[in-house]
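*Asks:* how does the following fold in three dimensions:
(2 chains)
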Amino acid sequence: MIPAAFDYVRAGSAEEAISLIGEHGEDAKFLAGGHSLLPIMKLRLASPSVLVDIGRLSDLSYIRDAGDHIAIGALTRHMDVETSSVLKEHVPLLACAAGNVGDPQVRHRGTIGGSIAHSDSASDLPATTLALGATYIAQGPHGTREIAAADFFHGFLESALEPDEMLTEIRVPKMNGAGWSFQKFNRRAQDWAIVGVAAWRRGTESGVGLVNMGSTPILATSVSAAIAQGASVSDAAQLAAAEAEPQNDLNASPEYRVHLAKVLVRRALEESSK
Amino acid sequence: MKIQVTVNGVVHDSDVEPRTLLVHYVRDVLGLTGTNIGCDTSSCGACSLHINGEAVKSCTVLAVQADGDDITTIEGLAAADGEMHPMQKAFMENHGLQCGYCTPGMVMAATSLLKENPSPSEEEVRLGLEGNLCRCTGYHNIVKSVLAAAAAK
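*Replies:* Sure thing, here's the model as predicted:
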């Protein structure tokens, strides 16, 4: 399968990339690692007329300790997130989730910014960064703005990013020793999650993100509210799907997904509560 | 678009359409047909090759993205005198292949794995090869081959 024809331009800086995308209009797309975009272009589900390649902007590949949070450049590859000693120490849930994306070959190319900007509810990192209360930095022609993860995901493959904005950085609060768990249920090793759960807990505080339980990644706020009020893990897990609107597909019915979510949230909270 | 890539130590200057996939470039333009096309959807790993020493699925990389990069395909793994790479030897000695279709991708993924983790456990080998499918289901001997290659180092 070969993508439909497109023009290809390579940007030398974030500013140039944003100016190029503005010049070429809404049919242009940023190309980072290409591991979300190229598969759908090959299936002709997307046919951008222009690709602006930002894959060589190495100054957007970094993981920095910024005090209360870790700042991750949008072009940081999954493999670098997975193996980062800074993240393993301060945000181990994110390092673990990145190690669950696809397979090693995919993790050598795919980037955290690409995965989040693609906004696929079935991807691991949007739901994980949502659970962690991350902030995304978007750069546009008129400067940068911060977007809370909770405000970012608008619909199926739709985000708060404007067509001429580029996701440049992901800021993830340090977990400060919170318990955590990443649960991914799938049938084959490298598949997307049929349902996935990213969770952390520190006493009565918690965050629970759901993968593939709706058209966007879902924050299970009812679960966290129950934990805050002293509910047991099993009781809180019964509320796992309160915010979800799971879809029906080849892998699972909505009823099955709701069942999976309750089981996986219970396991995740048990592991986070140790 | 003009690109320059080094493939198995040889520099190639080519003019490619932007939509040319890297796997088509190495197979059809350079004639290196050892890299196979399997699923063509970045699932099966048959098209795995190395870009700058790391295994990638070349059905999901554009040739233009590899401009300036150093690429190794299965043809470039053996020494110049034809002496097989230790991983290739290990696959041969441990019967790590049946029909052979997945083998180039398996060998490229496995050499990349050992570069990152020179002494993997059996579980780490299985996880490390999660992106490569063998439809003969010959995984047992593939894992045995990779462990043998790691031990031979």
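
*Asks:* show me what from chain B comes close to chain A.
*Replies:* Chain B comes close to chain A at residues B:1, B:17-21, B:24, B:40-43, B:45, B:48, B:51, B:54-57, B:59-62, B:64-65, B:109, B:112-113, B:116, B:127-128, B:130-132, as judged by C-beta under 8 Å from any C-beta of the partner chain. Where you see a C-beta, it was placed from the backbone N, CA and C, and this is true even at glycine.

*Asks:* try it again at 7 Å.
*Replies:* Counting by C-beta under 7 Å from any C-beta of the partner chain, chain B comes close to chain A at B:1, B:18-19, B:21, B:40-43, B:45, B:48, B:54-57, B:60-62, B:64-65, B:109, B:112-113, B:128, B:130-131.

*Asks:* what about those, which are in strands?
*Replies:* Cross-referencing the residues of chain B next to chain A against strands under DSSP state E gives B:48, B:54-57.

*Asks:* show me what contacts residue 145?
*Replies:* No chain specified, so I'll use chain A. By C-beta atoms under 7 Å, 6 or more residues apart in numbering or on different chains, the contact set of A:R145 is A:A138.

*Asks:* please go with chain B instead
*Replies:* B:S145 is in contact with B:90-91, B:94, B:96, counting by C-beta under 7 Å, 6+ apart.

*Asks:* what residue, apart from its backbone neighbours, is nearest the residue in chain B positioned nearest to chain A spatially?
*Replies:* In chain B, no residue comes nearer to chain A than B:G131, which is 2.7 Å away by C-beta to the nearest C-beta. Nearest residue to B:G131 in three dimensions, chain neighbours excluded: A:D103, at 2.7 Å (C-beta to C-beta, 6 or more residues apart in numbering or on different chains).

*Asks:* and that neighbour, what pLDDT?
*Replies:* On the pLDDT scale, A:D103 is placed at 97.

*Asks:* give me the number of residues near B:R27?
*Replies:* Summarising burial for B:R27: neighbours were counted as other C-beta atoms under 10 Å in any protein chain shown, giving 19.

*Asks:* sec struct for it, please.
*Replies:* Under DSSP: H, G, I helix; E, B strand; the rest coil, B:R27 falls in the helix class.

*Asks:* ok, now which ones touch it?
*Replies:* B:33, B:35.

*Asks:* try 6 Å this time
*Replies:* Neighbouring residues of B:R27 by C-beta atoms under 6 Å, 6 or more residues apart in numbering or on different chains: B:T33.

*Asks:* grab the longest helix from chain A for me.
*Replies:* Taking DSSP state H as the criterion, chain A has its longest helix at helix A:254-272.

*Asks:* which elements pack onto that helix?
*Replies:* Contact here means 3 or more C-beta pairs under 6 Å, 6 or more residues apart in numbering or on different chains; DSSP states H and E; on that basis helix A:254-272 packs against strand A:179-185, strand A:195-202, helix A:233-237.
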